[in-house]
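In: for reference, the sequence and a predicted model appear below.
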Amino acid sequence: MATKQSIQKAYIDYVLTEGEQPKSVYIFAKKNKMTEAEFYNFFGSFDAIEQSVWTDMATTTLAEIKTQEVWPQYTSREKALSFFYSFFEHAKSHRSFATYSAKKINKGFSTPKVWEGLKAEFEAFSIVILQDGIESGELTDRKFFAERYKDALWVQFVFTLNFWINDMSSGFEKTDEAIEKGINVTFDLFQRSPIDNLIDYGKFLAKNSGIKEKMGF
Amino acid sequence: MVHGLKNMSDQQKEQNSIPTTKVQRSAKFVSTGFKIGGNYIKHYSKKLFNPELNNDELNSDNAADIYESLSELKGSALKVAQMLSMDKNLLPKAYVDKFSLSQYNAPPLSGPLIVQTFRKLFGKTPEQIYDKFELRSTNAASIGQVHRAELKGKKLAVKIQYPGVGDSISSDLKLVKPFAFRLLGMSEKELDIYMNEVEERLLEETDYDLEVRRSIEFSEACANLNNVVFPKYFPELSGKRVITMSWLEGVHLKEFLQTNPSQELRNQIGQALWDFYNFQQHELRAVHADPHPGNFLITPEGKLGVIDFGCIKEMPDDFYYPFFSTTSSDLLESKEETIKAFRQLEMILPKDNPQQVEFYYTMYKEMIGLFAKPYVKDTFDFSQSEFFDKLYAYGEKIAKMPEFKQARGVKHFIYVNRTNFGLYNILHELKAEVKTDTYKPHVLLEY
């Protein structure tokens, strides 16, 4: 009896051995001794399998990090770091597949289909930690921008993923460095910074020093 | 109270960004170069109006700028800063004061990165390995940080290294070079010999597997010394970037001195330090070459705790004998043999003419005479400032002499000087009087 996992496994095995997707669902199903109907019970296409593997990597990571005893004590920054580290630690065992799948992706602005589920998981997670961070005062709530924080994190995630795929250092130590430094910079930007104070001061002056009148606004 | 160097909360300046790529790092150094240039302009324009002005302010401005850029770079550059600061005999005082700060500054690793480091090394999280593990470290060292942990009722100290430290050492040292030129006034070729020596030691320091092996070796070899204690090391809980050892209770030198300890207690600690170093130098011929105060603790029982064996300098015979024999007045009596020893140490070079030989002989004899003062009688009182003033004065004097523009002496001097002057400085701060005949140099009278 085929299961979601057994189909994923058979599919990964196939693409990594053959270097390409099976010609048709019919051939794939026959080779793995299941009916086409069984296959379609779980997935609508081969891309759907790939998508599910990526999505599962995110869900497993999330489930795993949340069981860590320290999780509730983490700040938003640390929660993001923890996700990144665990994701890539976990991804190590799927590295061949990840490389195969990611290299197929056309570089463009829209999110590739196979990452849609992954992105959804990641975003849901980002929104929660960012919201928590804003509520606790760790991060600054800025008009317009605060809603875009999650996109910044996703961009960083994709960047790190590409970095990891090209990382040849032992134990992927460089990726660890990229995560530590990258997330810290991003979260530094999310925090209250001199720019906020500058804008605030500017607003104050505009209201109270009569600049508007003098400059003829 | 604790291991490591200092409380992060009172870090001098919070570091939010570390320049990562080589280009960025270079940019950092370039901007420092500009600033120093600026300092000189400032200095000389002031001097136009006030010819009396001495170099102190200039030196201190320069040191502050170099320090600022080094401490933003972290890692190995920081180590070089530390090293320069230990060599008080080489650098004017103002540089030294600023550089000493670098011994106490480093940004912390994030909690998740610590968890990640453990998972990579042991396949487990710290909380799965220890019964208790404090994720927030209160103490930083220049290439890592220390955490408290507990296992089976035993208190532990866990030292964790920043990732990528080893990688950046060589490139950092290349970046430090131009500054070393300026500070030490050496040519590139001479500097290379010394820089390679420093690089070698620094790379060893990043190898925690090696550090654990050596720590065990040295703590066993030194086990019989009076009033010196070592943590117990746990190789099975240590690895490439983690060291687990038992927690030593105690305070650092500075805090110890604030408690106004009795002369007797200060002497006891001073004696322990003296014995620890001289036993290693003269009996083991390999020495803990990082005598900065952060590596020691003074326990509540008044013992000296040694907590870091990252930097070990081994002394080959062809360095040990000529150098330490010159500390004995028996050898110094024979000018001929002394010159031979100096030649072996490359303090006098084959191409030197007779006047130069005479000149360097006199200068180095004076230096060694100063260095060996503590060895001359069986006790030495390190509290007297006179001895140190003479040392500094000598250092400043030769720093101004064109004859010493060129570096002399074999590469081993860097760490051996750093060790011994570091030791003298700590003893001076302790104001200790110690028996200096406990472990004496082995002397060879003919060369």
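Out: Everything's here; your move.
In: where does chain A dip in pLDDT?
Out: By pLDDT under 70, the low-scoring segments of chain A are A:108, A:210-217.
In: all strands for it, in order.
Out: Ranges of strands in chain A, per DSSP state E: none exist.
In: cool, the stretch 251-400 of chain B as well?
Out: Ranges of strands in the stretch 251-400 of chain B, per DSSP state E, counting those that start in this stretch, are B:286-288, B:296-298, B:304-306, B:312-314, B:379-381.
In: highest mean neighbour count out of those?
Out: For the strands of the stretch 251-400 of chain B, average neighbour numbers computed from mean count of other CB atoms under 10 Å in any protein chain shown are highest in strand B:296-298, which has a mean of 25. No exception for glycine: its C-beta is placed from N, CA and C like everyone else's.
In: average model confidence for that strand?
Out: For strand B:296-298, the mean per-residue pLDDT is 91.
In: what's that strand in contact with?
Out: Here strand B:296-298 makes contact (CB atoms under 8 Å, 6 or more residues apart in numbering or on different chains) with B:3, B:248-253, B:256, B:269, B:273, B:304-307, B:426.
In: could you measure from residue A:153 over to residue A:172?
Out: For residue A:153, the distance to residue A:172 (CB to CB, to the nearest Å) stands at 20 Å.
In: between the two, which is the more surrounded one?
Out: The neighbour comparison of residue A:153 against residue A:172 (other CB atoms under 10 Å in any protein chain shown) goes to residue A:153, with 24 against 21.
In: residues contacting the residue nearest to that one when sequence neighbours are not counted?
Out: Distances taken as CB to CB, 6 or more residues apart in numbering or on different chains put residue A:126 closest to residue A:153, at 4.9 Å, once the chain neighbours are dropped. Each residue near residue A:126 by CB under 8 Å, 6+ apart is listed here: A:80, A:149-150, A:153-154.
In: ok, those residues vs residue B:382, which is closest?
Out: Nearest to residue B:382 among these, counting by CB to CB, is residue A:80 at 51.8 Å.
In: list phi and psi for the spatially closest residue to residue B:126 that is not a sequence neighbour.
Out: When the adjacent residues along the chain are set aside, residue B:126 lies closest to residue B:133, with 4.0 Å between them (CB to CB, 6+ apart). Dihedral pair for residue B:133: phi -150, psi 120, per degrees, to the nearest 10.
In: how about residue B:163?
Out: phi -70, psi 150.
In: I'd guessed it sits against residue B:241; true?
Out: Yes: using CB atoms under 8 Å, residue B:163 is in contact with residue B:241, at 7.3 Å.
In: overlap in contacts, these two.
Out: With CB under 8 Å, 6+ apart as the test, residue B:163 and residue B:241 both reach residue B:117.
In: how about the helices of the stretch 101-250 of chain B, start to end?
Out: B:111-122, B:126-129, B:165-184, B:188-205, B:208-221 (DSSP state H, counting those that start in this stretch).
In: other SSEs contacting the second one?
Out: Read it as helix B:126-129. helix B:111-122, strand B:144-151 (3 or more CB pairs under 8 Å, 6 or more residues apart in numbering or on different chains; DSSP states H and E).
In: got TSV for these, with mean neighbour count too?
Out: Formatted as TSV, these follow (neighbours: other CB atoms under 10 Å in any protein chain shown):
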stretch	mean neighbour count
helix B:111-122	22
strand B:144-151	21
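In: could you dump these to JSON lines with mean pLDDT?
Out: Listed next are the helices and strands packed on helix B:126-129 as JSON lines, based on pLDDT from 0 to 100:
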{"stretch": "helix B:111-122", "mean pLDDT": "90"}
{"stretch": "strand B:144-151", "mean pLDDT": "89"}
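In: which one of those lies closest to chain A?
Out: helix B:111-122 (3.8 Å; CB to the nearest CB).
In: could you give the angle of that closest one to strand B:144-151?
Out: 70 degrees (axes from the mean of the first three to the mean of the last three CA atoms, to 10 degrees).
In: what sits up against helix B:111-122?
Out: A:68, A:70, A:74, A:78, A:81-82, A:84-86, A:89, A:171, A:176, A:179-180, B:109, B:124-126, B:129, B:135-136, B:147, B:160, B:163, B:237, B:239-242.
In: show me which of those are buried.
Out: A:68, A:70, A:74, A:78, A:81-82, A:84-86, A:89, A:176, A:179-180, B:109, B:125-126, B:129, B:135, B:147, B:160, B:163, B:237, B:239-242 (16 or more other CB atoms under 10 Å in any protein chain shown).
In: buried residues in stretch B:380-392, which are they?
Out: B:380, B:382-383, B:387-388, B:391-392.
In: could you do stretch B:300-309 as well?
Out: B:302-309.
In: gap between the two ends of it?
Out: Using CA to CA, to the nearest Å, the end-to-end distance of stretch B:300-309 comes to 22 Å.
In: and the contacts of that stretch?
Out: B:3, B:141, B:157, B:211, B:214-215, B:218-219, B:222, B:227-231, B:245, B:248-250, B:265, B:268-269, B:272-273, B:276, B:288, B:290, B:294-299.
In: please redo it, this time with the cut-off set to 7 Å
Out: B:3, B:211, B:214-215, B:218, B:227-231, B:248-250, B:265, B:268-269, B:272-273, B:276, B:288, B:290, B:295-299 (CB atoms under 7 Å, 6 or more residues apart in numbering or on different chains).
In: also stretch A:72-87?
Out: Stretch A:72-87 has contacts (CB under 7 Å, 6+ apart) with A:57-58, A:61, A:64-65, A:125, A:129-130, A:132-133, A:138-139, A:153, A:160, A:179, A:183, A:187, B:110-113, B:115-116.
In: re earlier: next, format the strands of the stretch 251-400 of chain B as TSV and append distance to residue A:4.
Out: Shown next, in TSV, are the strands of the stretch 251-400 of chain B (distance: least, CB to CB, whole Å):
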stretch	distance to residue A:4
strand B:286-288	59
strand B:296-298	57
strand B:304-306	57
strand B:312-314	56
strand B:379-381	78
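In: that older thread, for chain B, state which of the contacts of residue A:126 is nearest.
Out: Chain B lies nearest to residue A:80 out of the contacts of residue A:126, by CB to the nearest CB, at 8.4 Å.
In: what about that closest one, how many residues close to it?
Out: Residues lying near residue A:80 (other CB under 10 Å) number 27.
In: give the buried residues for stretch B:246-257.
Out: B:247-248, B:250-253, B:256-257.
In: stretch A:161-176 too?
Out: For stretch A:161-176, the neighbour count (16+ other CB under 10 Å) marks A:161, A:163-164, A:167, A:172-176 as buried.
In: tell me which parts of chain A are close to chain B?
Out: Taking CB under 7 Å from any CB of the partner chain as the measure of proximity, chain A contacts chain B at A:68-70, A:74, A:78, A:81-82, A:85, A:89, A:171, A:173-174, A:176-177, A:180-181, A:185, A:188.
In: could you redo the last one with a cut-off of 6 Å?
Out: Residues of chain A found near chain B (CB under 6 Å from any CB of the partner chain) are A:69-70, A:78, A:81-82, A:85, A:171, A:173, A:176-177, A:180-181, A:188.
In: tabulate those residues (TSV), appending distance to residue B:330.
Out: Converted to TSV, those look like this (distance: CB to CB, whole Å):
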residue	distance to residue B:330
A:69	66
A:70	64
A:78	64
A:81	63
A:82	65
A:85	62
A:171	56
A:173	54
A:176	57
A:177	56
A:180	58
A:181	58
A:188	63
